[in-house]
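model the structure of this input:
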Amino acid sequence: MIEATLCFVLRESETDGTGEAGETDETSETSETDSDTDVLLIEKRRGLGEGWYNGPGGKLEPGETPRECAARETREEVGLEIAPDVLEYAGELTFLLDEEVHTVCHVFRTTEFAGEPRPSDEARPEWTPVDDVPYDQMWEDDRLWLPGVLAGDTVAGEFHFAGGPPLDEAAFVDHELEWGVSFESRDGDGTDTSGETEAAGE
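Sure, this is the predicted structure:
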């Protein structure tokens with residue numbers, strides 16, 4: 001079983017309308033998620049979901065909390081500095097492949113960050129208006145839960161895939177969603193990370 005994170009960084013839209021990753025030399029904050037808001041997405045350059053868009057993220061390292069993982073992966077993939085304690089726990093997604101748990105993903109969002117997005121070997125970052133998220137170039141389940149997360153809601157989801165591995169070539173067959181979920185009981189450290197994490201197949 002893989003334990004992983006996703007981090008969605010939000011900012012007020014720039015006026016130039018280019019849609020490209022702009023400069024943010026100082027800590028940025030925005031309080032509303034609407035048509036005047038951009039989300040930082042990445043185009044994955046390798047690994048599971050290569051060529052698709054998503055938020056920065058990746059697998060937990062031994063002894064690492066989900067918050068720490070989300071902050072580290074965002075720094076490594078796109079160069080933004082985020083303090084783990086400003087991350088808002090927005091979702092827990094469980095992915096099953098042929099009825100066995102494949103991945104548990106902790107989803108975070110934030111409006112507080114420092115730095116300028118830059119590409120890496122893992123990812124090409126791009127600021128995208130929340131109304132123009134390219135769901136046709138993302139995992140099939142993303143269109144079901146990500147709009148709500150970007151609008152400020154919280155979600156617990158279970159997504160069933162069949163015919164794999166690998167997961168990104170399996171068929172999406174079913175899902176369950178619960179909105180308005182409270183994650184307060186594990187909002188400090190996210191979840192128990194005492195178990196081993198497994199490397200994703202590439």
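
residue 106 falls within a helix, correct?
No. Assessed with DSSP: H, G, I helix; E, B strand; the rest coil, residue 106 is strand; it does not lie in a helix.

name the residues that touch the longest helix anywhere in the chain?
Criterion DSSP state H: the longest helix present in the chain is helix 66-78. Contacting residues not belonging to helix 66-78 are listed as 3-7, 9, 21, 40, 42, 56-61, 64, 80-85, 87, 89, 106, 108, 113, 117-120, 122-123, 125, 189-191, 193 [Cβ atoms under 8 Å, 6 or more residues apart in numbering]. Where C-beta positions appear, they are placed from N, C-alpha and C, glycine not excepted.

quick one: buried residues of that helix?
Residues of helix 66-78 classed as buried: 66-75, 77-78 (neighbour count, 16 or more other Cβ atoms under 10 Å).

between these, which sits nearest residue 173?
Within the set of the buried residues of helix 66-78, residue 66 lies nearest residue 173; the separation is 26.9 Å, counting by Cβ to Cβ.

and that closest one, how close does it get to residue 72?
Summarising the geometry, the distance separating residue 66 from residue 72, computed by Cβ to Cβ, to the nearest Å, is 11 Å.

next step: the contacts of helix 66-78 restricted to strands.
Those of the contacts of helix 66-78 mapping onto strands are 3-7, 9, 40, 42, 57-59, 89, 106, 108, 123, 125, per DSSP state E.

most surrounded residue in those residues?
Greatest neighbour count in the ones in strands among the contacts of helix 66-78, by other Cβ atoms under 10 Å, goes to residue 7: 31 neighbours.

ok, the closest residue to that one other than its chain neighbours to residue 109 distance?
The spatial neighbour of residue 7 that comes closest, neighbours along the chain excluded (Cβ to Cβ, 6 or more residues apart in numbering), is residue 70 at 4.3 Å. In this structure, residue 70 and residue 109 are 10 Å apart, going by Cβ to Cβ.

again with residue 62
For residue 62, the distance to residue 109 under the criterion Cβ to Cβ works out to 25 Å.

so for these two, which residue has more residues nearby?
A side-by-side neighbour count of residue 62 and residue 109, using other Cβ under 10 Å, places residue 109 first with 22 against 9.

my guess is that one meets residue 88, correct?
Yes. Residue 109 is in contact with residue 88 according to Cβ atoms under 8 Å; the separation is 5.3 Å.

got the contact list for residue 124?
Residue 124 makes contacts with 42-43, 45, as judged by Cβ under 8 Å, 6+ apart.

what is the nearest of those residues to residue 144?
For the contacts of residue 124, the nearest to residue 144 is residue 42 (19.9 Å; Cβ to Cβ).

tell me what the closest residue to that closest one other than its chain neighbours is bridged to.
Once flanking residues are discounted, residue 42 sits nearest to residue 123: 3.7 Å by Cβ to Cβ, 6+ apart. In this structure, residue 123 has beta-bridge partners residue 44, where bridges are defined by DSSP bridges.

for residue 123, give its distance to residue 46.
Residue 123 sits 9 Å away from residue 46 when distances are taken as Cβ to Cβ.
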